[in-house]
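Q: Take a look and give me a structure for this.
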Amino acid sequence: MSKPFSALGISAPILKTLSELNIVEPTEIQQKTIPLLLAENHDLVGLAKTGTGKTAAFGLPLLQLINTELPIVQAIILVPTRELGQQIFRNLEDFGKHIPNISIASTCGGIPIKPQIERLTQPTHIVVATPGRLIDLIQRKAIDLKQTQYLVLDEADEMVSILKESLDEIVAELPKKHRTLLFSATLPGTIKQLIQNYLNKNVVQVSADMETVGNQGIDHEYIIVDPIEKLDVLMHFLNSKEGQRGIIFCKTKAAVNKLAKNLAINRFSSGALHGSLSQGIRDRIMEQFREGHINILVATDLAARGIDVKEIAYVVNYHLPDTYENYVHRSGRTARAGAKGLSLTVLQEEEVIEIPEFEKELGIKFTKFQKPSVVSLEENNTLLWAKQIFKTKPNQEISADLKTKVKTVFHHLTKDELIEKLLANYVLQNKIDVVEKPVKKFKK
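A: Take a look at the predicted model:
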């Protein structure tokens, strides 16, 4: 039986907030981490899958350890992307609601730096930052870390390459006696090297049950498709999930844009998210997704970091991820906070041999998702065509005279007769397309 937050040493003001947020039972990583951070002085490595409450695992004790009477930066939290930074900033603001005078700032890249510099002229206790922006602030002498006691590296496995280049410069600004808290969903060799280079020899490592935690509640499935039918199969799946929220992952920005365009054409409520979009557009799309104004997000791996949205019913790997770590992060977007979810991977025949390796490495089991029949795919495409017509806005530029002439052509038909003729015409056109397209290719 798990301990309540009060038994972990959490203070009354934070307990009050947790009660208001209806956060009752600590997760395994929180149970193991919080008492150590509050009672010990060691560096710490926390290993837990995405969606298991790592932010609260370090955030709650940090808020409690801050001395609000000292107007100095006492903790730095480094994150790989601005989206994750914003999420952590919001969480800390929520958790610290009843702590008098606590001051938290977000200084991440992708937005103008001047307002952040201005913000840091005010007393600040905790700063959430991306590494590049923090170094920029250090170089401009806009932030003083000489008395900073805590350095948190969150989602460390997602920013190894960034940290290799920037960590020396950041650590040089910190006092020699500071605590480093590293949190990660996986522990590849590069992270082990990072721990060896930057954390104390007496570092304490804690982990949730890595074999199951973060995977509980997720159904891992795969579907085998031919390249020519891949989009049709995806559309069929998305239609079966109408009204539910999901994320589709692609390998490249170009693939994200192409797929998002196809979804828009077929009138799916969707948006694209990748690093080449302006920060303003990314923020707007994320807000629309978070508020439920769009149901489907098409994203690259890094752009989706920090998406902590409840009730994401499914994740689709439209392209197989390059690494096991990326699969963990992708699938971890669903089944959050004890909910159920589906992680569906779309494969071509030659990629199926990869599945046993993913199962072995991640300790999960995939099942085969039944591919819809040709007839079912054709019926789904017909429904999508009908929805396109239904959702098409009237063209006000068409002359009233032409509209009248067209109405005259159809005026003797009933609604049912018109639908019958439209369907027959659609089927005829698609049969013609199937016959004619190969001929045109042959002529070329």
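
Q: who touches residue 145 in this structure?
A: 73, 76, 138, 170, 173-174 (CB atoms under 8 Å, 6 or more residues apart in numbering). Where C-beta positions appear, they are placed from N, C-alpha and C, glycine not excepted.

Q: Check the gap between it and residue 152 for me.
A: 13 Å (CB to CB, to the nearest Å).

Q: Now do the shared contacts for these two.
A: Counting by CB under 8 Å, 6+ apart, the contacts common to residue 145 and residue 152 are residue 76.

Q: Out of the contacts of residue 145, flag the one nearest to residue 45.
A: residue 76 (17.1 Å; CB to CB).

Q: Check the gap between the closest one and residue 92 for me.
A: 13 Å.

Q: what's the burial count for residue 147?
A: For residue 147, the number of neighbouring residues by other CB atoms under 10 Å comes to 12.

Q: still on that earlier bit, is it possible to get JSON lines of the contacts of residue 145 that adds neighbour count, distance to residue 129 and secondary structure?
A: Formatted as JSON lines, the contacts of residue 145 follow (neighbours: other CB atoms under 10 Å; distance: CB to CB, whole Å; DSSP: H, G, I helix; E, B strand; the rest coil):
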{"residue": "73", "neighbour count": "22", "distance to residue 129": "10", "secondary structure": "coil"}
{"residue": "76", "neighbour count": "23", "distance to residue 129": "6", "secondary structure": "strand"}
{"residue": "138", "neighbour count": "17", "distance to residue 129": "10", "secondary structure": "helix"}
{"residue": "170", "neighbour count": "21", "distance to residue 129": "9", "secondary structure": "helix"}
{"residue": "173", "neighbour count": "15", "distance to residue 129": "12", "secondary structure": "coil"}
{"residue": "174", "neighbour count": "17", "distance to residue 129": "13", "secondary structure": "coil"}
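
Q: Which two of these have the greatest separation?
A: Within these, 73 and 170 form the most distant pair, 12.3 Å apart (CB to CB).

Q: Flag the shaky bits of the stretch 201-350 of the chain, pLDDT-wise.
A: Counting by pLDDT under 70, the stretch 201-350 of the chain contains low-confidence ranges at 209-216, 303-308, 336-338.

Q: Show me where it has its strands.
A: Taking DSSP state E, counting those that start in this stretch, the strands of the stretch 201-350 of the chain run over residues 204-207, 218-224, 245-249, 270-273, 296-299, 312-317, 341-347.

Q: on that earlier part again, mutual contacts of residue 76 and residue 92, please.
A: Common neighbours of residue 76 and residue 92, using CB under 8 Å, 6+ apart, are residue 126.

Q: Counting neighbours, what do you get for residue 24?
A: 10.

Q: residue contacts, it?
A: Taking CB under 8 Å, 6+ apart as the criterion, residue 24 is in contact with 4, 18.

Q: could you redo the last one with a cut-off of 6 Å?
A: Contact partners of residue 24, counting by CB atoms under 6 Å, 6 or more residues apart in numbering, are absent.

Q: so it, which of the three states?
A: Assigned with DSSP: H, G, I helix; E, B strand; the rest coil, residue 24 falls in the coil class.

Q: Could you measure from it over to residue 189?
A: Distance of residue 24 to residue 189, given as CB to CB: 38 Å.

Q: Leaving out sequence neighbours, find the closest residue to residue 343.
A: residue 331 (3.9 Å; CB to CB, 6 or more residues apart in numbering).

Q: Tell me which stretches of the stretch 251-400 of the chain form helices.
A: Here the stretch 251-400 of the chain has its helices, by DSSP state H, counting those that start in this stretch, at 253-265, 279-290, 324-331, 355-362, 374-391, 400-410.

Q: Out of the ones you listed, which one sits most buried?
A: Mean neighbour count (mean count of other CB atoms under 10 Å) peaks for helix 324-331 among those, with a mean of 22.

Q: For that one, which outside residues touch it?
A: Applying CB under 6 Å, 6+ apart, the set of residues contacting helix 324-331 is 50, 157, 185-186, 218, 249, 301, 315, 321, 343, 361-362.

Q: who wins for neighbours among the residues you listed?
A: Among the contacts of helix 324-331, the one with the most neighbours (other CB under 10 Å) is residue 249, at 28 neighbours.

Q: quick one, what contacts residue 29?
A: 46, 48, 52, 57, 208.
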